[in-house]
Structures are given as C-alpha cells and as structure tokens.
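> Sequence plus predicted model, see below.
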Amino acid sequence: MFKVVFHNQNKVYELFCRKVGGSDVGYGFVEVSELVFETDESLVIDPTEERLREEFADVETLHIPMHAVIRIEQVKKRGACAIRDGKSGEKVTILPLDGPRRPR
C-alpha cells in the first residue's frame, strides 16, 4: 500500500492506494490507482474521509502531475486520509454541510 501526498488547488491531499507507477498519459505524470478508503462499518465517520471518498468515487486511475507530488511512501497499513492547508499544513476542517451552497 502507498501513501500519496500531493498539491491540489492550494491544498495538500493525503490518499492511500494499492498501485503507483508511471502514467500512460505522458511523461511528467504519476499514475495512482486502486484508491483505499475506510470502510463504512465504522461508527465514527470522518467528514474529511467522506469528502475524499465522494470526490474520487468514480475515479479508476488518478494521473497526478509530477510537479504536484510531494511524497510517495510505501506503508504497511493504511492511515487516515487528510486534506491540509497548502501554506500552514494544518488539517482542513470539513463540516458535514460543507459543499456547494444554494442561494436563498
């Protein structure tokens, strides 16, 4: 299993996956596939994990530009997925109601 840390829209994403390799899209991309998220059996639901699961729900393979990759680590077990602020490194707090807001 791999932990992939990369920049995405002024935030730092930390995801877990089973496969990492060179991309068929072209030189300069890293291919990440078989994303791993926490199972739904847990009593406590992490809103950040849920947001990432929804964002990448239909993704089979993620092609990340090489310059956006901060680190790729091979790990023994899965940790918590996270979204961090790109400047401070602090975890971004995701509220269950975060998302597109409808005008009143």
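Perfect, I can see it now.

> and V75, what does it touch?
Counting by CB atoms under 8 Å, 6 or more residues apart in numbering, V75 touches M1, F2, K3, F16. From N, CA and C alone the C-beta is placed, and that goes for glycine too.

> most neighbours, which of those residues?
Ranked by neighbour count under the definition other CB atoms under 10 Å, the contacts of V75 are headed by F16 with 22 neighbours.

> what is that one paired to in the beta sheet?
K3, V36 (DSSP bridges).

> Quick check: E50 is in a strand.
No: remark: E50 does not belong to a strand; assigned using DSSP: H, G, I helix; E, B strand; the rest coil, it is helix.

> ok, so what distance separates it from V92?
E50 sits at a distance of 13 Å from V92 (criterion: CB to CB, to the nearest Å).

> do D85 as well
Distance check for D85 against V92: by CB to CB, it reads 6 Å.
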